[in-house]
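Asks: The sequence and its predicted three-dimensional model are supplied below.
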Amino acid sequence: MRTDELIHILARQAGPAPRALPQRRLGLALGGGVLLSLLAALLLIGSVPGEMYAHAAPWIKLAYALALVAATAAWVLRLARPGVATRTPARLTAAVIAAMALLGLLSFVTAPQGERLPELMGHSWASCPWLVFGLSLPTLAGTLWALHGLAPTRPRLAGLAAGLLAGAVGAFSYAFACDELATSFVALWYSLGIGLAGALGAWIGPRWLRW
């Protein structure tokens, strides 16, 4: 039997490929992850007072997290399919993180000298990265589930992107419960929590996403 005949027999009953399958799986993972993370942040930590939204800080946190969600979600979707270029969303992800780092540095150097370190450390520096990381776990689990049913050919990179996406969701959820006001604090400690989620995703990726 020739190869093309075998392929024809195997594909005869296959039917058309499902449309938008990666988007549907990732959308389900993201929706569930955001819901669980937000509920955990609000019920276990509590929400910030409404008057805090008169400051720029909560909006900067949310803008950073949402921009990172958008960039990393596009990266994950491309990594879910073999042979698709991923350079643009990877660069966008790096650009979002770099922009936040630049804002944080600007905030640090323009603050009065005696206030720089207190603003950078805040009162919750020791717990902030771990709370962002913890709130990322539902989305990380869901995103890795979504990728497992698709066709990533670079499992470590796909795991890293999934982890950064989950970390961004964790940062978004934690922003509703965090009362720190300094941009330098957000740039350092939020990003560290996001990085922890990325590192965990990169570690799990080759183990869970291997074909």
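Replies: Now that the structure is in, tell me what you want to look at.

Asks: So, low pLDDT: which residues of the chain?
Replies: Residues of the chain that meet the criterion pLDDT under 70 lie in 1-19.

Asks: Going along the chain, name the helices of it.
Replies: For the chain, the helices defined by DSSP state H occupy 3-11, 21-40, 57-79, 87-110, 113-121, 128-148, 155-175, 183-185, 191-208.

Asks: for those, which one sits closest to G50?
Replies: Nearest to G50 among those is helix 57-79; the distance by C-beta to C-beta comes to 10.1 Å. Just so you know, the C-beta spots here come from the backbone N, C-alpha and C atoms, and that holds for glycine as well.

Asks: and the direction of the closest one versus that of helix 21-40, what angle?
Replies: Relative orientation of helix 57-79 versus helix 21-40 (axes from the mean of the first three to the mean of the last three C-alpha atoms, to 10 degrees): 150 degrees.

Asks: List the contacts of the residue nearest to the spatial centre of the chain.
Replies: Most central in the chain under C-alpha atoms, centre = their mean is L165, positioned 1.7 Å from the mean C-alpha point. By C-beta atoms under 8 Å, 6 or more residues apart in numbering, L165 lies in contact with L30, L68, V69, T72, A73, W75, V76, T139, T143.

Asks: Apart from its chain neighbours, what residue comes closest to it?
Replies: Distance criterion C-beta to C-beta, 6 or more residues apart in numbering; nearest residue to L165, sequence neighbours excluded, is T72 at 3.8 Å.

Asks: gap between the one you found and P58?
Replies: Note on T72: its distance to P58, by C-beta to C-beta, to the nearest Å, is 21 Å.

Asks: who's more crowded, those two?
Replies: Between T72 and P58, counted using other C-beta atoms under 10 Å, T72 has the larger neighbour count: 28 against 19.

Asks: In contact with the more buried one, which residues are there?
Replies: Counting by C-beta under 8 Å, 6+ apart, T72 touches P89, T93, A161, L164, L165, A168.

Asks: I'd like to know which of the residues you listed is nearest to W211.
Replies: For the contacts of T72, the nearest to W211 is A161 (17.5 Å; C-beta to C-beta).
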